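Enquirer: Have a look; sequence and predicted model below, questions after that.
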Amino acid sequence: MDAVDQVFQVPSPRVVRWQARRRALKFYALIAPAMLLSLAVVLVPGVLTAVASFTDWNGISLHPGWVGFANFKEILSDPVFWTALKDNFKWALLFATIPVVVGLGTAMLLLKRPRTRTIYQVVFLIPYVLAAITNAILWLNIMYNPVTGLWGWLEARGIVGQAPLSNLHTALFAVAAVDMWHFWGFLTVVYLASLRQTPPDQIEAALVEGANGRQLFRYVYLPSIRPTLMLMFVMITIFSFLAFDYVYLLTGGGPAHSSEVLSTYAYNLAFSSYEFGKAAAVGMIMSLFGLVASVFYVLLSRRELRA
Amino acid sequence: MNITRSPWRSIGGHLVLLFLSAIALFPIALVAINSIKPSLEVEKNPLTLPKSFEFTNFRTAWGFGHFSSGFVNSLLLTGTTVVTVLFCASLTGYVLAGKKVRAWPVITIYFMVAVTIPIQLFLFPLYFGFAKLHMLGSVFAVGVVIAAINMPLAVFLMRTFFLKVPQELEEAAVVDGAGIGRLLWHVMLPIVSPGLLTVGVIVGLFAWNEYLITSTFLQSQSSYTATLGYLSMNGTFSTDQGVMMAGAMILILPVLLLFIAVQKYFVDGFVSGAVKG
């Protein structure tokens, strides 16, 4: 009797601990679905890729042979790999400048136009919400096509030269142009939302001090949106090293690998030449870049990690 | 704000915005006008307006693009992704927002790193796993994979929505004796439902538009999504631009209408994951 009373009146430390553990267990159960799904789809296959990158796995055999660093050595001596890597850097450079400048400029213009900005935002976002397949095929067929497209029409009138996607020197830029056409509106919307969060009293104070438009941007808006600019810069860099859809759809990495990027290089190794070991090794190298970027991403988001 | 701006500078700004609007819309406008032109007319000059409205292009495109089965597959895949993501991400977002478990920083960092993982890191073993289990061609299985890929973003978005729920509300519910299930279903769900809608809309859009995973896994015509069906048309119909453009319109119109109808949620979704305060 005494023991039972004790449990109901003043729970013993053991019971308290047990209850706390049971509650914690319930919360872990709530996380379980997302974690298990991510582990099954991303982490476990990711680890398998890491293992496969040291084998000569061809996708069929159940007992791939261990080859050590041979895949990595072969890739590093493959000129196509270096073209792809260089293209990824060019891609990052293009995306970290052109859409950022256009996005920031348009966001500043829209900031002063509260009545028209909704309609402009919708218009700028339309290419962003359409599927990569739709956008790529429409550019292939009606814009870049040397026979049936706008390019062919201009070419016939001597205004432009050779079709850009079949030219070694322009293919990568022509692909990047389509991807940027689809992407920049997103930046406008993000930057605008960030600009609008600038504390109004800061803006007023600057105006009272007699700041002109450029000073207002430089000393009030820019510091206020710096975290967003940084985050977008990191995200753009990450996604520049993962770029796949538009390259694969528009050129497949060609002509003559001139627009190859790491992701298309890996994909072709896997599904065209069935060298999964090598493809896995490229995947590992790509992840290395991702890892570097994710360090910055975590650092930028450390506020969310504060207890 | 009280800046006096000269009117011609304001007009200059509008000219820039209008010019960029034209760049954004021009290719799509070309698709629209050429979708109702016969192929010969497209070839002669893609810039002329159609002389007559011809809807045969649409009928041909609908058939050869396998759009009737494609849209069903796209809807099933997108539905699978959205339901899976909303269920998993809202539960995890709730736990992370309230820091209910001691491992919350580890889990948060795990999902942050997962954002930067290239699909090529896990695609190849996943593909052979699916082949072994005879799940290549299953839109539901692919929907779950796409859910897993979008999970980190969705978790972070849901987390911010749960952070906005006042603490007192949860405490009051617990004092009233509500268990976790009832708390989540009756108290939290109604409050975060705008958040669920936002996350559902953008994850749904990403699933609908997905290319790399779907084109790798769904290789039989019966499992093609709407976009994959259209892609398969490109090889056979690339000479008939009228039909190709009609196919593009079939893909553009539903997305465009939905986007314009609920653009607030799209913009919220794009922005809330990207703006740092």
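Expert: The structure has been received and is ready for your questions. Residues are numbered from 1 along each chain as shown, chains lettered A, B, ... in the order given.
Enquirer: Burial check on B:L15, number of neighbours?
Expert: 10 (other CB atoms under 10 Å in any protein chain shown). C-beta: built from backbone N, CA, C; applies to glycine.
Enquirer: Which helix or strand contains it?
Expert: helix B:7-34 (DSSP states H and E).
Enquirer: how is chain A carved up into domains?
Expert: A:2-52, A:71-305 (automatic domain parsing).
Enquirer: Need the nearest residue in space to A:V175, chain neighbours excluded.
Expert: A:L250 (4.8 Å; CB to CB, 6 or more residues apart in numbering or on different chains).
Enquirer: Now do the contacts for the one you found.
Expert: A:A136, A:W139, A:L140, A:Y144, A:L165, A:A174, A:V175, A:V178, A:S259 (CB atoms under 8 Å, 6 or more residues apart in numbering or on different chains).
Enquirer: Using CSV, lay out those together with secondary structure, pLDDT and neighbour count.
Expert: Shown next, in CSV, are the contacts of A:L250 (DSSP: H, G, I helix; E, B strand; the rest coil; pLDDT from 0 to 100; neighbours: other CB atoms under 10 Å in any protein chain shown):
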residue, secondary structure, pLDDT, neighbour count
A:A136, helix, 95, 25
A:W139, helix, 94, 26
A:L140, helix, 92, 20
A:Y144, coil, 92, 21
A:L165, helix, 91, 23
A:A174, helix, 96, 20
A:V175, helix, 97, 27
A:V178, helix, 97, 24
A:S259, coil, 95, 29
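Enquirer: between the residues you listed, which is closest to chain B?
Expert: A:W139 (6.5 Å; CB to the nearest CB).
Enquirer: and that closest one, what is it in contact with?
Expert: A:W139 touches A:V178, A:L250, B:P27, counting by CB under 8 Å, 6+ apart.
Enquirer: The helix or strand harbouring A:L154 near chain B anywhere?
Expert: Assessed by DSSP H and E, A:L154 sits inside helix A:150-156. Yes. On the criterion CB under 8 Å from any CB of the partner chain, helix A:150-156 is in touch with chain B at A:L150, A:W153.
Enquirer: still on that earlier bit, for the helix holding B:L15, list every residue counted as buried.
Expert: Going by neighbour count (16 or more other CB atoms under 10 Å in any protein chain shown), the buried part of helix B:7-34 is B:G13, B:L17, B:L20, B:S21, B:A24, B:P27, B:I28, B:L30, B:V31, B:A32, B:I33, B:N34.
Enquirer: With A:S77 as the reference, measure out to the second one.
Expert: From B:L17 over to A:S77 the distance is 50 Å, taken as CB to CB, to the nearest Å.
Enquirer: again, but for the third one
Expert: Between B:L20 and A:S77 the computed distance is 45 Å (CB to CB).
Enquirer: now do the last one
Expert: Note on B:N34: its distance to A:S77, by CB to CB, is 47 Å.
Enquirer: between the helix ranked longest in chain A and helix B:7-34, how big is the angle?
Expert: Longest helix in chain A by number of residues (criterion: DSSP state H): helix A:79-111. Here helix A:79-111 points in a direction 130 degrees away from that of helix B:7-34 (axes from the mean of the first three to the mean of the last three CA atoms, to 10 degrees).
Enquirer: remind me, longest helix of chain B?
Expert: Max-length helix for chain B by DSSP H is helix B:67-97.
Enquirer: So which bits of that one are buried?
Expert: Applying 16+ other CB under 10 Å to helix B:67-97 flags B:67, B:69-71, B:73-74, B:76-78, B:80-82, B:84-86, B:88-97 as buried.
Enquirer: now the next helix or strand after it, how far from the chain's geometric center?
Expert: Next along the chain after helix B:67-97, taking DSSP H and E as the criterion, comes helix B:104-115. Helix B:104-115 sits 23 Å away from the centroid of its parent chain (CA atoms, centre = their mean, to the nearest Å).
Enquirer: and helix B:104-115 with helix B:67-97, angle?
Expert: Using the same axes, to 10 degrees, helix B:104-115 lies at 150 degrees relative to helix B:67-97.
Enquirer: same question for helix B:104-115, mean pLDDT?
Expert: Averaged across helix B:104-115, the pLDDT comes to 89.
Enquirer: now check it, is it near chain A?
Expert: Yes. On the criterion CB under 8 Å from any CB, helix B:104-115 is in touch with chain A at B:P105, B:I107, B:T108, B:I109, B:Y110, B:F111, B:M112, B:V113, B:A114, B:V115.
Enquirer: contact partners of the next helix or strand after the helix holding B:L15?
Expert: As assigned by DSSP H and E, the chain's next helix or strand after helix B:7-34 is helix B:39-44. Outside of helix B:39-44, the residues within contact range by CB under 8 Å, 6+ apart are A:142, A:147-148, B:34, B:48, B:50-51, B:239-243, B:245.
Enquirer: Helix B:39-44: which residues count as buried?
Expert: Quick answer for helix B:39-44 (16+ other CB under 10 Å): B:S39, B:E41, B:V42, B:E43.
Enquirer: Check stretch A:229-238 too.
Expert: Those would be A:L229, A:L231, A:M232, A:F233, A:V234, A:M235, A:I236, A:T237, A:I238, for stretch A:229-238 by 16+ other CB under 10 Å.
Enquirer: which of the domains of chain A sits most buried?
Expert: Sort the domains of chain A by mean neighbour count, taking mean count of other CB atoms under 10 Å in any protein chain shown, and domain A:71-305 sits at the top with a mean of 19.
Enquirer: now it, how far from the chain's geometric center?
Expert: 8 Å.
Enquirer: residues touching A:R218, list them.
Expert: By CB under 8 Å, 6+ apart, A:R218 has no neighbours at all.
Enquirer: In terms of helices and strands, where is the most centrally placed residue in chain A?
Expert: Chain A has A:F239 as the residue nearest its centroid, 2.7 Å off, counting by CA atoms, centre = their mean. In this assignment (DSSP H and E), A:F239 forms part of helix A:222-242.
Enquirer: Wondering if that helix reaches chain B at all.
Expert: Yes. Using CB under 8 Å from any CB, we find that helix A:222-242 touches chain B at A:P227, A:T228, A:M230, A:L231, A:M232, A:M235, A:I238, A:F241, A:L242.
Enquirer: and which of those residues is nearest to chain B?
Expert: Looking across the residues of helix A:222-242 next to chain B and measuring by CB to the nearest CB, the closest to chain B is A:P227, at 3.6 Å.
Enquirer: For that closest one, give me the pLDDT.
Expert: 89.
Enquirer: just the one 10 residues further on next, same as before
Expert: pLDDT recorded at A:T237 is 89.
Enquirer: thought it was touching A:L93?
Expert: No. Contact between A:T237 and A:L93 fails when scored by CB atoms under 8 Å: they sit 9.9 Å apart.
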